[in-house]
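Enquirer: how would this look folded up:
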Amino acid sequence: MHAASVIVLAWACVGAACFFSPASNFLVAAILTALVAVVGLPHGAADHRFARWKLEPVLGPAWLPAFLAGYVLAGSLVVCGWYYAAAETLVVFFLASAWHFGQEEPRLCRGPRWLRRLSTFARGGLPIWIPLLFQRAEVIRTLAAIAPHGLGSRGDLALSVLSALSLGMLGVASACWMLQIATATRSSGRKQRVLALDSMLIASFAILFAVSPPLISFLVYFCGWHSARGLARLRRELGETWLQLAGSLAPMTVTAAGLIAVPWWTVLGAQLESGSLIRTTFVGLSAVAMPHLILHGIWPLLSRCEPQSIPEPQPLGRPA
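Expert: Residues are numbered from 1 along each chain as shown. Just a heads-up that it's a prediction; the model follows:
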């Protein structure tokens, strides 16, 4: 089971962080770049197929140029944001990522709609809230390496706002986690197993985010959990084998990787050092991720007015 495997991986990383000296920055940066290219980018490489269901009935053959133009425009704005408004871009990107991550997490919270949405946002932001609160100095050092010109004079304010929000959202996530444990103790059978496993997963991630270097915990969550889960969901929704899925995602993945490599080669001079790799990977990843977040963020709104004949994506899948 995927969740159980990720729990084991998370605790292995926690043990490594506690008992072994940190790996070199360059090694971590190189592994980060490789895994993002192999696992992270393909996660969003089928967006054009989903967008086609929405746009083609309205725009006809022009749907693809319109889709690509919107993607390039959104990605370009993100890159410009990192250069000229890094603090504001950081806040927007972190909040959008928290919402997107939460949308693809198991939806086990019960209660009013506002509570479910708040719980979704709080849980999705755990990879952000916890490092900001427990490893602030390391997070600041990493962000300084990501932003081409630093966070600027508004960086302290941006981090203060995010830290205050992190404290509140961590409280919400903790309350929902304890409520989920209480529900699990009163349940039985498969429901109890699902709730218990998911509670263990949340706790394992929380400890991982608190004690492991932020780049390592990001690798485990984004590549090992979020992207891998997304790829498995894509395969089920598209009805393809893993080989067919890899073939269908390869063109867009290679294109995105190429677009990320261009600034690394032209602007940074293809420097093989940790700071350049981290900066290129995160700026490039955020540039291709933001259109992905926008597309999937507005999906429910578009679904309200789409014709019933258009195929609708299946739910995320099994809870854990």
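Enquirer: Residue 117 - how many residues pack around it?
Expert: Neighbours of residue 117 under the rule other C-beta atoms under 10 Å: 14. C-beta here means a position set from N, CA and C on the backbone, and glycine is covered the same way.
Enquirer: Residue 247 and residue 241, how far apart?
Expert: Between residue 247 and residue 241 the distance is 10 Å, computed by C-beta to C-beta, to the nearest Å.
Enquirer: Next, the buried residues of the helix of greatest length in the chain.
Expert: Longest helix in the chain, counting residues (DSSP state H): helix 155-186. Within helix 155-186, the residues scored as buried using 16 or more other C-beta atoms under 10 Å are 155, 158-159, 162, 165-166, 169-170, 172-173, 176-177, 180-181, 183-184.
Enquirer: chain center to it: distance?
Expert: Its chain's C-alpha centre lies 18 Å from the corresponding centre of helix 155-186 when counted by C-alpha atoms, centre = their mean, to the nearest Å.
Enquirer: Does that helix pack against any helices or strands, and if so which?
Expert: helix 86-103, helix 113-124, helix 126-134, helix 136-146, helix 189-211 (3 or more C-beta pairs under 8 Å, 6 or more residues apart in numbering; DSSP states H and E).
Enquirer: Could you list the alpha-carbon positions for stretch 30-42 in CSV?
Expert: Only the C-alpha atoms of stretch 30-42 are listed here, as CSV (Å, rounded to 0.1, in the frame of the first residue of the first chain):
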residue,chain,number,x,y,z
ALA,A,30,21.0,17.0,-7.6
ILE,A,31,18.6,14.4,-6.3
LEU,A,32,15.9,17.0,-6.0
THR,A,33,16.4,18.1,-9.6
ALA,A,34,16.3,14.5,-10.9
LEU,A,35,13.2,13.4,-9.0
VAL,A,36,11.3,16.6,-9.8
ALA,A,37,12.0,16.0,-13.5
VAL,A,38,11.1,12.3,-13.4
VAL,A,39,8.2,12.3,-11.0
GLY,A,40,7.1,15.9,-10.3
LEU,A,41,6.8,17.3,-13.8
PRO,A,42,4.9,14.3,-15.3
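Enquirer: which other residues reach that stretch?
Expert: Residues from elsewhere that reach stretch 30-42, judged by C-beta atoms under 8 Å, 6 or more residues apart in numbering: 215, 218-219, 222-223, 227-228, 231, 246, 249, 253, 256-257, 277-278, 280-281, 285, 288.
Enquirer: pLDDT below threshold where in this structure?
Expert: Within the chain, the stretches with pLDDT under 70 are 21-27, 29, 259-275, 298-320.
Enquirer: Show me where the stretch 201-320 of the chain has its helices.
Expert: For the stretch 201-320 of the chain, the helices defined by DSSP state H, counting those that start in this stretch occupy 214-218, 228-238, 242-266, 274-297, 299-303.
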